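Student: Predicted coordinates and the sequence they were generated for:
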Amino acid sequence: MRPASLRARLRWLIIVVLAAVLLPLGVLSFLHTVEEVDELSDGRLAQAARTLEVLIRPARLEALRGGDAGSMQVPVGASHAQPLAVGGHTYESEVGFQVFDRDGRPVLATANLAALPAPAAGDAGFRDVRQGRYRWRLFTLVDAASGFTIRSAERYDSRHEITRALWFEHGLPLLVGLPLLAVLVGWAVKRGLRPLERLAQVLSARELGSREPIVLANAPLELRPVLDALNAQLARLEDALERERRFSADVAHELRTPLASAMINLENAMAIRDPAEANGILAGAQYGLAGLARRIEQLLALARLESGSASGQRAPVDLVAVALDVIEELVPVISESGVELSVSALPERLVVHGYEAALAALLRNLVENALRHVPAGGQVQLSVGRGTHEALLDVIDDGPGIPPERRARVFARFHREASSRGEGYGLGLSIVQRAAELHGASIELLDSPFGHGLHVRVAIPLPP
């Protein structure tokens, strides 16, 4: 089943609403008009009867009483030499009257009502009768003073012509107006939805990977929140795609060499029959695979940080507890490096709002980076403290340091300083920077108070 377009839905909804309002109003107006016309016609009959009563003067009473009823008929319609006709209608034959004396004898009547029986005793007011092929509306007036009974009448087909004219007058605007209204409503809806068509055209013409916001000139007020939400969603989508592209590039770049090295070692071990030599080669393969596992772990940590979902929603995190956990985790690395790690007096508790995994990755990579650049016998100092409005993490070493002109480049992915010891991958400070961004923290690379080396300070805003 083909879904209806928004334009068609709006058009038909508007037409149905208009029809639901106009049709009942038209019917009610018609019924009210017909009722008023009937009341007006009845009023004319009553007025005609009373006018006839006044015209029958006392001087003519005797003539009417003694006259021949047949000779007192008023000719109407075709029996008249010059019948009154307007537009093909002989309106004269559609109305008539009768006059009866006290004894019920007709003394005066129109020819079209001559055969109508005399009214019964007590017959007065309005009633309907059938005479020949027509139904008549009668009004009977009894003059108590003279004893005359006057009856005026009108054919119902005359009234029906008025009713048909009213049907035509009330129905024609609806029959003609509703289709015309449907066309005009369709045009108006099409014109009103033109901004949506322009939006669809802009989206169709948008280049893949474009970061330009969608702009519609003279966009309606109702469409502006949609544009803002759409631009925000497109920006988030482009960010997600860019992260995916960078992660794919990172994986391809970083895993190729250690994986190839491990495969070569394994192939050599399988080709050598000397168990001692094979064990040495396998140990090298194991070392390479361990480095590969660590590299994968760093890449995944960086991907999680860049996606902004390190641990879901922000939560209170105790930086002191995080620092102690990181130190405990790095004990084997510290022992192997031959570097002295000193920790200044830590507060009992220092809570920030953030992601525990991201803060642990930040502190772990700062300490590992310092250990990698400090020669054996050197020292690294870690401190966690409270500033005026922020928590301060300081990692200070007495290594070769980084010249000020190169400090801005050390946060680039895969950037490694020449003084680095061991097999680093150039991702540590990238992870630190991304974790700091997630928490709105600032990172400063300062001169070490030891005279040489590097002082890294991270300031994390405290909750109010």
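Tutor: Good, I have the coordinates. Numbering: from 1, shown residues only.
Student: Only C-alpha atoms from now on, for both contacts and neighbour counts.
Tutor: Fine.
Student: And the residue nearest the centre of the protein?
Tutor: The chain has residue 226 as the residue nearest its centroid, 8.1 Å off, counting by C-alpha atoms, centre = their mean.
Student: roughly how far apart are that residue and residue 193?
Tutor: In this view, residue 226 and residue 193 are 14 Å apart by C-alpha to C-alpha, to the nearest Å.
Student: swap in residue 203?
Tutor: 16 Å.
Student: now swap in residue 168 and tell me
Tutor: Distance from residue 168 to residue 193, by C-alpha to C-alpha: 36 Å.
Student: re the thing from before, please report phi then psi for the residue nearest to the centre of the chain.
Tutor: phi -70, psi -40 (degrees, to the nearest 10).
Student: who's in contact with it?
Tutor: With C-alpha atoms under 8 Å, 6 or more residues apart in numbering as the criterion, no residue contacts residue 226.
Student: ok, it to residue 190 distance?
Tutor: 19 Å.
Student: just residue 343 next, same as before
Tutor: With C-alpha to C-alpha as the criterion, residue 343 and residue 190 are 72 Å apart.
Student: which one of these two has more residues nearby?
Tutor: Using other C-alpha atoms under 10 Å, the more surrounded residue of residue 343 and residue 190 is residue 190, with 18 against 14.
Student: quick one, helices of the stretch 351-464 of the chain?
Tutor: For the stretch 351-464 of the chain, the helices defined by DSSP state H, counting those that start in this stretch cover 356-373, 428-438.
Student: before we move on, what about the stretch 201-350 of the chain?
Tutor: Under DSSP H, counting those that start in this stretch, the stretch 201-350 of the chain gives helices at 224-271, 275-307, 319-329, 331-337.
Student: closest one to residue 176 among these?
Tutor: Shortest distance between residue 176 and the helices of the stretch 201-350 of the chain, using C-alpha to C-alpha, is found for helix 224-271: 38.4 Å.
Student: count of residues packed around residue 191?
Tutor: Residue 191 has 12 nearby residues by other C-alpha under 10 Å.
Student: so which strand or helix has it?
Tutor: helix 156-192 (DSSP states H and E).
Student: per-domain residue ranges of the protein.
Tutor: If you go by automatic domain parsing, the domain ranges for the chain are 6-168, 244-307, 315-461.
Student: For those, could you give me JSON lines that also reports distance to residue 217 and mean pLDDT?
Tutor: Listed next are the domains of the chain as JSON lines, based on distance: least, C-alpha to C-alpha, whole Å; pLDDT from 0 to 100:
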{"stretch": "domain 6-168", "distance to residue 217": "22", "mean pLDDT": "73"}
{"stretch": "domain 244-307", "distance to residue 217": "33", "mean pLDDT": "71"}
{"stretch": "domain 315-461", "distance to residue 217": "35", "mean pLDDT": "81"}
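Student: Can you tell me which of these is nearest to residue 214?
Tutor: Nearest of these (C-alpha to C-alpha): domain 6-168, 22.1 Å.
Student: Next up, the contacts around residue 95.
Tutor: Residue 95 is in contact with 152-155, counting by C-alpha under 8 Å, 6+ apart.
Student: one more time with 6 Å
Tutor: With contacts defined as C-alpha atoms under 6 Å, 6 or more residues apart in numbering, residue 95 is in contact with 153-154.
Student: got it, and residue 330?
Tutor: Contacts of residue 330 (C-alpha under 6 Å, 6+ apart): none.
Student: What backbone torsions are found at it?
Tutor: phi -90, psi 10.
Student: quick one: it and residue 319, what's the gap?
Tutor: Residue 330 is 16 Å from residue 319, by C-alpha to C-alpha.
Student: is it true that residue 15 lies in a helix?
Tutor: Yes. Under DSSP: H, G, I helix; E, B strand; the rest coil, residue 15 sits within a helix.
Student: how close does the closest residue in space to it that isn't next to it in sequence get to residue 217?
Tutor: What sits nearest to residue 15 in space, not counting adjacent residues and going by C-alpha to C-alpha, 6 or more residues apart in numbering, is residue 182, at 6.3 Å. Distance from residue 182 to residue 217, counting by C-alpha to C-alpha: 29 Å.
Student: neighbour-wise, which of the two wins?
Tutor: residue 182 (17 against 7).
Student: Near the nearest residue to residue 396 once chain neighbours are set aside, how many other residues are there?
Tutor: Closest residue in space to residue 396, ignoring its immediate chain neighbours: residue 455 at 4.4 Å, by C-alpha to C-alpha, 6+ apart. Residue 455: 22 surrounding residues under other C-alpha under 10 Å.
Student: and what of residue 171?
Tutor: By other C-alpha under 10 Å, the residues close to residue 171 number 16.
Student: wait, isn't residue 447 in contact with residue 456?
Tutor: No. The criterion here is C-alpha atoms under 6 Å, and residue 447 misses it with residue 456 at 8.5 Å.
Student: how close does the closest residue to residue 338 other than its chain neighbours get to residue 339?
Tutor: Leaving aside its chain neighbours, residue 338 sits nearest to residue 376 (4.8 Å; criterion: C-alpha to C-alpha, 6+ apart). Distance, residue 376 to residue 339, using C-alpha to C-alpha: 5 Å.
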